[in-house]
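**Q** Here you go, sequence then predicted model.
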Amino acid sequence: MGRRGFSWRYCECAAVAAIIVMVGCGGSDPTIGEVIGPSGAAGSTGGTGAAGADPSGTAGVTGSAGVTGTAGDTGAAGTPGSAGTTGSAGTTGTGGSGVAQSGCADLFDPGVLQTYSIEISADEFAKMDAEFHDVQAVLAAMPRETYHPVTFHFGSETVGDAAVRLKGQSSWVETVMFDPNPKMQMVIAFDQFDPHGRFHGVDKIHLDMPRSDWSFLNERMANTWFREIGLMAPCSNSARLNVNGAYYGLYTAEESKDATLVSTFFPGNAGGDLFKGGVDAETNKAAPNWARLKQFWAAKDIAAIAQIVDLPSTVLEWAAEAAINDADGYYGGSHNFYLYDLGAAGYTWLPSDVDTTFEWTELFSHLSFKQHPIYWWEGQSGPQTPGQHYVVVMNDPTWRARYAQAVATQIGKWNTAELLGRVDAWSAQIATAVAEDPRKWATTAGFNMALADLRDVITNRPIYLQSFVACEQGQGGEDKDGDGVAWCNDCRDDNAAVHPGAPEICGNGIDDDCNGAVDDGCP
Ligand SMILES: [Ca+2]
Ligand SMILES: [Ca+2]
Ligand SMILES: [Ca+2]
C-alpha cells in the first residue's frame, strides 16, 4: 500500500487482472452563499437551471439547459444553510432540471462539454512520457509529478505560462501495463509559474479518467450528488483534451480540493486541518496539529473515538458513500478519504477520488448494487480490511443504529428520476467524445453497457438500502441461513456457523463472529 494516503486499489484488481479481462480497478449544491440543504422541494420538475447568482461576488454561471424533469418524489427536508454574501446577478438559466452548480467557476458548467488544448515541446513531452512509463516509481508510491511548461488554450483564450503534471495511482500503473495506447491523467496548473495565476478563477484543472470508469461519468455523478447533499466535493464536468493539435482523450475535469473548497463547505470554520488519507496535510501544511492526528489514530474504542471524531457527520458521510456504492472510498475499501478537523467537534470524514462508484461494482464483480452497507468486504475477490474506526463504530450498537439512520437520511435525498435524467443528458453530451477518444479502454458497446448498469444502480440501490434500514430497525428482514440473525446484521447469511455472537474459530481464516476481524483473539 505504500504510505498511507496512497490508496492502492488492490481491491478487485487482483482477481480481475488475473482473469485478464484486462479490466483495471477503479480506480450540489451548497452554493457558497447558501449551503442549501438537500432539496426538499418538489421533485425534479423542470425548474430553473443553474441560477446565475454566485454568492462569491463574481458573475454567475449561465444556467444550462436542463432536461425536462418528470415529477419527482418529495425530497427529505434539507438542513439549513448558512448565510452567504450576496453575489452579482448572473445570467438567467434556461428551464429544466439543470444541475445547479452555483458556487462553481463557469469552466465547470455541467451543461457544456469543454475542450482544453495544450501545446508542449517535444522535449518536455518526452520527459513527461518517460515519467509516465516509470511504473516502478508509482508502485513505490513515489510517482514523479514534475510540472512541465505548456501553453494552454481555451476557445480564443491563451495562457502562456501554464504547466502540466501527471496524476493517478493504480489507474496510472494499469494503463501503462495493459493498454496499447495508454492514457495519462493530468493536472493543468495556472499557478505553478505564477503563484497567483488563475484561469476563470481556478488555480488548476484536474483531469481524471481511470480506465475502469466505462461510463466516463462516475466522478461527475458522485461529486454532483455529494455537493447537493452538503458533502464537500469539487465542481466537475467533462472535458476533451487536445495535445499539440490532436484529440488526446476525454476526462472528468475537476477543481482543486484545497482550502478554497473547504471554505465553501465549512463557512465560518474553514481553518481546520485537512488530511488526505488521514496522513498528508492538505491545508495548514506548515503546522498541522499532529498531536490531534496522533490522538485520532490512537483511538481504538468508541469512547476514545467519540472524543476525537464528530460521529454524527461521520456516519452521514459513510452512509453517502454506501449510497453510491463506493468501492474505493473509506467505506468500501478503507482507501480514499479526507479527514477534516472541525475543531471542538473533532474530525469528520470527507470523500475523495470517487471514480470507482455507482456501476463499477456491478460491472466488475458479482456484488452488483447489493453490496452490503455494513459488511462491504464480505464476498470480495481479495482480502479487504475495513478501517479501524469504522469497525469500532459498527460494533457499537448505538452507533450502528445511528449509521442505519444515516443511510435512511441519505437515501431520503436520492432523487432517482433526477439522477437518471443526469445520466441521459450527460451521456448524450459526451457520446461523440467517447466514440472518438483514441485512448479509451472501454469500447462504445462497453460505454453503453456501463450506462445501463449505472441506471440499474441508480434505480435499485436505494430500494435495497431501504430494505436494509427496515431490517436494522426491526421491521422484518430475511434470515437465509436460519442462524437467528437477519441478513442486515449477518456478515454471512449463507453460513449458519457465522454470525454476531458466534465463537471465533482460530485459524480458519473466517471472521466467525462478524466483528470485522478474522481470527481475532487467537494466539
Ligand atoms: Ca442469518
Ligand atoms: Ca472476528
Ligand atoms: Ca475465525
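**A** Thanks, I have the structure now. Ligands and ions are numbered 1, 2, ... in the order given.
**Q** Tell me the spacing between the residue nearest to residue 150 when sequence neighbours are not counted and ligand 3.
**A** Counting by C-beta to C-beta, 6 or more residues apart in numbering, residue 150 lies nearest to residue 118, which is 4.3 Å off, once chain neighbours are set aside. No exception for glycine: its C-beta is placed from N, CA and C like everyone else's. Plainly put, residue 118 is 54 Å away from ligand 3 if you go by C-beta to the ion, to the nearest Å.
**Q** so is residue 118 in a helix, a strand, or just coil?
**A** Per DSSP: H, G, I helix; E, B strand; the rest coil, the local secondary structure of residue 118 is strand.
**Q** That one - how many residues pack around it?
**A** For residue 118, the neighbour count with other C-beta atoms under 10 Å is 22.
**Q** That one is in contact with residue 162, isn't it?
**A** Yes: using C-beta atoms under 8 Å, residue 118 is in contact with residue 162, at 7.1 Å.
**Q** Could you tell me which residues touch both of the two?
**A** Residues touching both residue 118 and residue 162 by C-beta atoms under 8 Å, 6 or more residues apart in numbering: 150, 151, 152, 188.
**Q** What does the last one show for phi and psi?
**A** Read it as residue 188. When read as degrees, to the nearest 10, the backbone of residue 188 gives phi -100, psi 120.
**Q** Can you tell me the closest non-neighbouring residue to it?
**A** residue 205 (4.5 Å).
**Q** Next up, the contacts around the one you found.
**A** Residue 205 touches 107, 116, 187, 188, 199, 239, 253, 254, 255, counting by C-beta under 8 Å, 6+ apart.
**Q** neighbour-wise, which of those residues leads?
**A** Neighbour max across those (other C-beta under 10 Å) = residue 253, 27 neighbours.
**Q** can you list contacts of the host helix or strand of that one?
**A** Per DSSP states H and E: residue 253 is located in strand 246-254. Under the contact criterion C-beta under 8 Å, 6+ apart, strand 246-254 has outside partners 107-108, 114, 116, 183-185, 205-209, 213, 216-217, 219-220, 223, 234-242, 355, 430, 433-434, 436-440.
**Q** Contact residues of the chain facing ligand 1?
**A** Residues of the chain lying near ligand 1 by C-beta under 5 Å from the ion: 479, 481, 483, 485, 490, 493.
**Q** who wins for most neighbours among those residues?
**A** Neighbour tally across the residues of the chain next to ligand 1 (other C-beta under 10 Å): the maximum, 28 neighbours, falls on residue 490.
**Q** Enumerate every residue touching that one.
**A** Taking C-beta under 8 Å, 6+ apart, one finds 479, 481, 483, 498, 499, 500, 514 in contact with residue 490.
**Q** Which one of the residues you listed is nearest to residue 123?
**A** Taking C-beta to C-beta as the measure, residue 123 sits nearest to residue 514 out of the contacts of residue 490, at 57.8 Å.
**Q** pretty sure that closest one contacts residue 492?
**A** Yes: using C-beta under 8 Å, residue 514 is in contact with residue 492, at 7.5 Å.
**Q** what does the stretch 401-523 of the chain put close to ligand 2?
**A** Residues of the stretch 401-523 of the chain lying close to ligand 2 (C-beta under 5 Å from the ion) are 504, 511, 513, 515, 517, 520.
**Q** what's near enough to touch the second one?
**A** Residue 511 is in contact with 491, 498, 504, 517, 518, 519, 520, counting by C-beta under 8 Å, 6+ apart.
**Q** Which helix or which strand is home to the last one?
**A** What it means is residue 520. Here residue 520 is assigned to no helix or strand, by DSSP H and E.
**Q** for it, phi and psi?
**A** Here is the backbone geometry of residue 520 (degrees, to the nearest 10): phi -80, psi 150.
**Q** how close does it sit to residue 513?
**A** Separation of residue 520 from residue 513 (C-beta to C-beta, to the nearest Å): 8 Å.
**Q** and for those two, which residues touch both?
**A** residue 504.
**Q** For the two, work out which one has more neighbours and name it.
**A** In this view residue 520 and residue 513 are compared by other C-beta under 10 Å, and residue 513 has more residues nearby, 19 against 12.
**Q** The more buried one and residue 497 touch, don't they?
**A** No: Residue 513 is not in contact with residue 497 according to C-beta under 8 Å; the separation is 10.4 Å.
**Q** where do the strands sit along the stretch 51-200 of the chain?
**A** Counting by DSSP state E, counting those that start in this stretch, the stretch 51-200 of the chain has strands at residues 114-119, 148-154, 157-167, 185-189.
**Q** Generate JSON lines for the ones you listed, with mean pLDDT and distance to ligand 2 as supplementary columns.
**A** Listed next are the strands of the stretch 51-200 of the chain as JSON lines, based on pLDDT from 0 to 100; distance: least, C-beta to the ion, whole Å:
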{"stretch": "strand 114-119", "mean pLDDT": "98", "distance to ligand 2": "49"}
{"stretch": "strand 148-154", "mean pLDDT": "98", "distance to ligand 2": "50"}
{"stretch": "strand 157-167", "mean pLDDT": "97", "distance to ligand 2": "38"}
{"stretch": "strand 185-189", "mean pLDDT": "97", "distance to ligand 2": "38"}
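**Q** Point out the most buried one among these.
**A** Ranked by mean neighbour count under mean count of other C-beta atoms under 10 Å, the strands of the stretch 51-200 of the chain are led by strand 185-189, which reaches a mean of 23.
**Q** and the direction of whichever helix or strand comes after that one versus that of strand 246-254, what angle?
**A** Going down the chain from strand 185-189, the next helix or strand is strand 204-208, by DSSP H and E. Angle of strand 204-208 versus strand 246-254, following axes from the mean of the first three to the mean of the last three C-alpha atoms, to 10 degrees, is 100 degrees.
**Q** buried stuff in the one helix or strand residue 322 maps to?
**A** Assigned by DSSP H and E, residue 322 falls within helix 311-323. If you call a residue buried by 16 or more other C-beta atoms under 10 Å, then helix 311-323 has these buried ones: 311, 313, 314, 315, 316, 317, 318, 319, 320, 321, 322, 323.
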